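Visitor: predicted coordinates and the sequence they were generated for:
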Amino acid sequence: MLALLAGIFLIHLTGIILLLAATINNAWWVTDTVSTDIWARWVWVNGAWNYTDLPDIHTYGEEYLQAVQASSCLACIFSILGLFVFLGQLFTLPKGKRFAFSGIFQLIACLCIMIAASIYTDRFHRNEAGGWYGPSFILAWISFVLTFISTIIYFVLRKKTA
């Protein structure tokens, strides 16, 4: 059981690290000279990356960008809270109720990052040619999978220990 708990902890911690990297890093959409994230755009000029604001494109509203930003931040917050709840539940709750709250926090984090990545996929960079989704976007989807897996594990373990 100790090895199982350590594995769950590592999956959860890996998900948190990937969520933070996806939210903070500046590579959701990249081209040869531009790297865009959910916070700003970086342009390669004269051998250096220069910070610029995100372009004001009429194809999506500011509310879509704010939804992606908020969902990404909420996913990080709920996943971190879920880890602390997981550690606290190990020592305080009886066996039938241990992993329910951790699973709920992970489920909320999973839904938040799915919403953020889905909105970004659907609304941003539709008419931009010559670019591709960058590593941060891919990390967001990988962290979605990891948080979903840990959610399922928490709920299955809750049933097994009941």
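Guide: Yes, it's here.

Visitor: can you pull out the helices in the chain?
Guide: 2-24, 62-92, 100-123, 135-161 (DSSP state H).

Visitor: what's the closest of the ones you listed to residue 41?
Guide: Residue 41 lies closest to helix 62-92 among these, at 11.7 Å (Cβ to Cβ). Using the backbone N, CA and C atoms, a C-beta is placed for each residue, glycine as well.

Visitor: and the closest one, what's its mean pLDDT?
Guide: Across helix 62-92, the average pLDDT comes to 92.

Visitor: now do stretch 113-120
Guide: Averaged across stretch 113-120, pLDDT comes to 94.

Visitor: of the helices of the chain, flag the one that's most buried.
Guide: Mean neighbour count, computed with mean count of other Cβ atoms under 10 Å, is highest for helix 100-123 among these, reaching a mean of 21.

Visitor: mind putting the helices of the chain in a markdown table, distance to residue 49 included?
Guide: Shown next, in a markdown table, are those (distance: least, Cβ to Cβ, whole Å):
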| stretch | distance to residue 49 |
| --- | --- |
| helix 2-24 | 15 |
| helix 62-92 | 21 |
| helix 100-123 | 21 |
| helix 135-161 | 15 |
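
Visitor: tell me the centre residue of this protein?
Guide: Geometric centre of the chain, nearest residue: residue 19, 3.6 Å, by Cα atoms, centre = their mean.

Visitor: how about the contacts made by that residue?
Guide: Going by Cβ atoms under 8 Å, 6 or more residues apart in numbering, residue 19 touches 72, 75, 76, 79, 109, 113, 140, 143, 147.
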